[in-house]
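Asker: Here you go, sequence then predicted model.
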Amino acid sequence: MNAPVEVRAEDAFDASAVHAWLSAKVEGLGDEPPHVRQFPGGASNLTYLLTYPDRELILRRPPAGHKAASAHDMRREYRVQHALKPVFPYVPRMVAFGDDPAVLGGDFYVMEKLDGLILRGDLPPGMTLTPEQARELSGKVVDRLVDLHAVDVEKAGLADLGKGAGYVERQIRGWSERYVAARTDNVGDFAEVREWLAANRPGEVGICLIHNDYRLDNLVLDGPSTLNITGVLDWELATLGDPLMELGSMLAYWVQAGDDDVMHTSRRQPTHLPGMFTREEFVARYAEKTGLAVGDWRFYEVYGLFRLAAVLQQLYRRYRDGATRNPAFKDFWQFVGYLDWRCREIIAKGSV
């Protein structure tokens with residue numbers, strides 16, 4: 001479980017200012033500001049638990065320091081979830097959006113807390129999963145993604161969320177540029193990988209709403225026995241894009257039992273347990289449910305791993321430049337080097 005902890009000094013804010021702002025929008029909060037704690041998980045936007053005597057709320061805000069120009073758009077993240085709620089109920093209810101810099105120094109929003117179970121690197125103490133339960137959960141993870149990709153964006157009012165056609169080319173170019181900009185002298189240049197991705201881009205299989213950070217540890221389950229997915233969290237990267245690109249980036253985090261020791265040191269979901277789908281099984285079920293032809297999966301697998309490397313390198317660069325003191329980022333450069341090797345190994349295997 002990702003239990004909230006005391007707020008890191010660099011991420012602290014004035015709870016009284018937030019309370020005064022929120023009280024003008026929400027009735028019955030009382031006179032005292034909430035007790036604030038911070039969720040330690042996540043490496044981008046910051047998430048806090050606001051505890052009042054009779055309710056709990058969640059506040060989301062960007063981190064301090066340097067960040068990519070298109071990232072951390074609180075207004076957009078709020079809008080996506082607010083619009084999705086009537087047509088895809090697996091999002092929290094939005095409470096209020098704030099853009100007064102006098103409150104938190106920038107945009108932020110508050111939403112209802114979704115109660116339930118979130119699975120992190122290892123199962124919570126006392127919880128077990130039989131192979132049958134693990135396989136059933138794997139299937140539910142695929143099926144919820146299929147549901148998301150089937151959302152009618154016109155009906156949801158989100159048809160203007162992204163640029164649509166040309167998504168594959170924009171992603172390869174954009175992540176290549178971001179990696180190069182964030183590169184430090186202790187990591188490779190990914191030149192071979194970047195060139196291969198640019199030369200082997202497939203055509204888009206379609207354009208749909210994608211979450212863009214869909215992972216097991218962003219899903220809320222109703223309990224340890226039923227394991228039904230009741231919520232999907234962290235919508236900051238949602239856009240209109242190619243669904244197989246989302247599948248590739250999602251499976252970069254899906255560490256399976258047969259992976260090497262380095263991959264297992266990066267594991268942040270219990271996807272290694274007996275009965276969990278392999279990545280190949282995940283792709284096969286998704287293709288069966290959607291009817292999409294996958295083609296040469298190597299492209300999507302390499303894209304997902306390269307995208308992960310670029311994300312980690314950006315976070316490591318922020319740490320090395322002093323924009324954050326979060327110790328979780330200090331060794332990311334080592335895994336970035338591993339991902340360069342892994343991508344080149346996959347490319348070398350040839351089409352299957």
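Answerer: Perfect, thanks for sending it. Numbers count the residues shown, from 1 in each chain.

Asker: and the gap between Ser138 and Leu251?
Answerer: Separation of Ser138 from Leu251 (C-beta to C-beta, to the nearest Å): 12 Å. (Glycine included, C-beta is placed from N, CA and C.)

Asker: and what of Gly258?
Answerer: 14 Å.

Asker: Quick check on the two: which one has the bigger neighbour count.
Answerer: Leu251 (25 against 8; other C-beta atoms under 10 Å).

Asker: Low-confidence stretches in the stretch 251-352 of the chain?
Answerer: For the stretch 251-352 of the chain, the stretches flagged by pLDDT under 70 are 351-352.

Asker: Helices of that one, residue ranges please.
Answerer: For the stretch 251-352 of the chain, the helices defined by DSSP state H, counting those that start in this stretch occupy 261-265, 279-290, 297-320, 332-349.

Asker: cool, and the stretch 101-250 of the chain?
Answerer: Under DSSP H, counting those that start in this stretch, the stretch 101-250 of the chain gives helices at 101-104, 131-149, 153-156, 167-182, 191-199, 243-251.

Asker: Kindly reformat the ones you listed as TSV containing distance to Leu237.
Answerer: Shown next, in TSV, are the helices of the stretch 101-250 of the chain (distance: least, C-beta to C-beta, whole Å):
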stretch	distance to Leu237
helix 101-104	21
helix 131-149	13
helix 153-156	16
helix 167-182	11
helix 191-199	19
helix 243-251	9
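
Asker: between the ones you listed, which gets nearest to Ala3?
Answerer: Smallest distance to Ala3 across the helices of the stretch 101-250 of the chain (C-beta to C-beta): 21.3 Å, for helix 131-149.

Asker: that older thread, in CSV, list the helices of the stretch 251-352 of the chain along with distance to Val232 and mean neighbour count.
Answerer: As requested, those are exported to CSV (distance: least, C-beta to C-beta, whole Å; neighbours: other C-beta atoms under 10 Å):
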stretch, distance to Val232, mean neighbour count
helix 261-265, 25, 12
helix 279-290, 16, 17
helix 297-320, 19, 22
helix 332-349, 25, 18
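
Asker: Now distance to Glu169 too, for the ones you listed, in TSV please.
Answerer: Shown next, in TSV, are the helices of the stretch 251-352 of the chain (distance: least, C-beta to C-beta, whole Å):
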stretch	distance to Glu169
helix 261-265	29
helix 279-290	22
helix 297-320	12
helix 332-349	19
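
Asker: quick one, which of those helices is nearest to Glu32?
Answerer: Counting by C-beta to C-beta, Glu32 lies closest to helix 297-320 out of the helices of the stretch 251-352 of the chain; the figure is 34.7 Å.

Asker: wait, what's in contact with the nearest residue to Val232 once chain neighbours are set aside?
Answerer: In this structure, Val232 finds its nearest non-sequential neighbour in Tyr90, 4.8 Å apart by C-beta to C-beta, 6 or more residues apart in numbering. Applying C-beta atoms under 8 Å, 6 or more residues apart in numbering, one finds that Tyr90 lies in contact with Arg144, Asp147, Ile229, Thr230, Gly231, Val232.

Asker: Check the gap between Tyr90 and Met74 for me.
Answerer: Distance of Tyr90 to Met74, computed by C-beta to C-beta: 20 Å.

Asker: what do you get for Thr278?
Answerer: Thr278 sits 37 Å away from Met74, going by C-beta to C-beta.

Asker: Repeat that for Asp213.
Answerer: According to C-beta to C-beta, Asp213 and Met74 sit 16 Å apart.

Asker: Could you do Val180 as well?
Answerer: 27 Å.

Asker: next one: Ala102
Answerer: Distance from Ala102 to Met74, by C-beta to C-beta: 16 Å.

Asker: Confirm for me that Trp235 is in contact with His82.
Answerer: No - taking contacts as C-beta atoms under 8 Å, Trp235 lies outside contact range of His82: 10.2 Å.

Asker: Looking at those two, which has the bigger crowd around it?
Answerer: Neighbours per residue (other C-beta under 10 Å) separate Trp235 from His82, with Trp235 holding more: 21 against 17.

Asker: phi, psi of that one?
Answerer: Per-residue torsions, Trp235: phi -100, psi 20 (degrees, to the nearest 10).

Asker: can you pull the contacts of it?
Answerer: Counting by C-beta under 8 Å, 6+ apart, Trp235 makes contact with Glu77, Val80, Gln81, Leu84, Val91, His211.

Asker: Could you list which of these belong to strands?
Answerer: Using DSSP state E, no member of the contacts of Trp235 sits in strands.

Asker: Serialize the residues you listed to TSV and add fields for pLDDT and neighbour count.
Answerer: As requested, those are exported to TSV (pLDDT from 0 to 100; neighbours: other C-beta atoms under 10 Å):
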residue	pLDDT	neighbour count
Glu77	93	23
Val80	96	23
Gln81	96	20
Leu84	96	23
Val91	96	20
His211	97	24
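
Asker: could the residues you listed be laid out in a markdown table, adding distance to Ser176?
Answerer: Below are those laid out as a markdown table (distance: C-beta to C-beta, whole Å):
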| residue | distance to Ser176 |
| --- | --- |
| Glu77 | 25 |
| Val80 | 26 |
| Gln81 | 30 |
| Leu84 | 30 |
| Val91 | 31 |
| His211 | 22 |
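
Asker: Pick out whichever of those sits closest to Phe39.
Answerer: So of the contacts of Trp235, ranked by how close each gets to Phe39 (C-beta to C-beta), first place is Glu77, at 15.5 Å.

Asker: Angles on the backbone of the residue nearest to the closest one when sequence neighbours are not counted, please.
Answerer: Among residues not flanking Glu77 along the chain, Glu236 sits closest, at 4.7 Å (C-beta to C-beta, 6+ apart). Backbone torsions of Glu236, given as degrees, to the nearest 10, read phi -60, psi -20.
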